[in-house]
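Q: Output the structure for:
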Amino acid sequence: MPPLKLPARLKVGRRTALIIGSAGLLVLVAVGAGAFLLLSGREELTYKTQAALRNALPVTAAAELHKRGVTLASPLKCEDLPGWTKTKMRVSCRGTTSDKRPVEVIASGEERTKKNYYTILVGGRPVVENATCLGADCAKEEG
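A: Numbers count the residues shown, from 1 in each chain. Here you go, the predicted model:
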C-alpha cells in the first residue's frame, strides 16, 4: 500500500478559523464553568433554615450522645438563640442525662461559609466541640 500523501499546506480560511476558535473558546468556558460548579457547589448547609436546624437538633444531638455512651433522661428541648438571622442561624437545646447531669447543645449555621458547627456540653464539660456534623448527618457528609 502506498504511503498516504498529505497536502503540503492546509488551507484554512479566515471564516473557518473564527468558527473553530470560537467553538474552542466555548468548550473551554463550559469546562471551566462546570469545574467551578463542581468544586464550589460541593459544600452546602445541612439545614438551610432556622426551623429545620431547630427541629433536627434534638434527634441528631441525642444520636451523637448515645454514640458516646451518654443517655438522656428525656428528649432535648430546643429554642432559637437571640440574634439569629436567615443567614446566621443559632439554636440551643437543653436537657438532662439519665444520671442527672445537665446537657447543653449549641448549633450554628452560616450561609456565607456554608458551614454548620455543633458543641455539646455534659455537666459543663465539652463532649463535642465545633463539630461540623452530629449523629447520622456525619454518615451523609462522608458518603
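Q: Give me the neighbour count for the residue nearest to residue 110 when sequence neighbours are not counted.
A: Among residues not flanking residue 110 along the chain, residue 88 sits closest, at 5.5 Å (CB to CB, 6 or more residues apart in numbering). Where C-beta positions appear, they are placed from N, C-alpha and C, glycine not excepted. Around residue 88 there are 14 other residues, counting by other CB atoms under 10 Å.
Q: Is it correct that residue 88 is in contact with residue 108?
A: Yes. Residue 88 sits in contact with residue 108 when judged by CB atoms under 8 Å, with a separation of 7.3 Å.
Q: which neighbours does the helix or strand hosting residue 128 have in its sheet, and in what orientation?
A: In this assignment (DSSP states H and E), residue 128 forms part of strand 125-131. Strand 125-131 sits in its sheet next to strand 115-122 (antiparallel), going by DSSP bridges.
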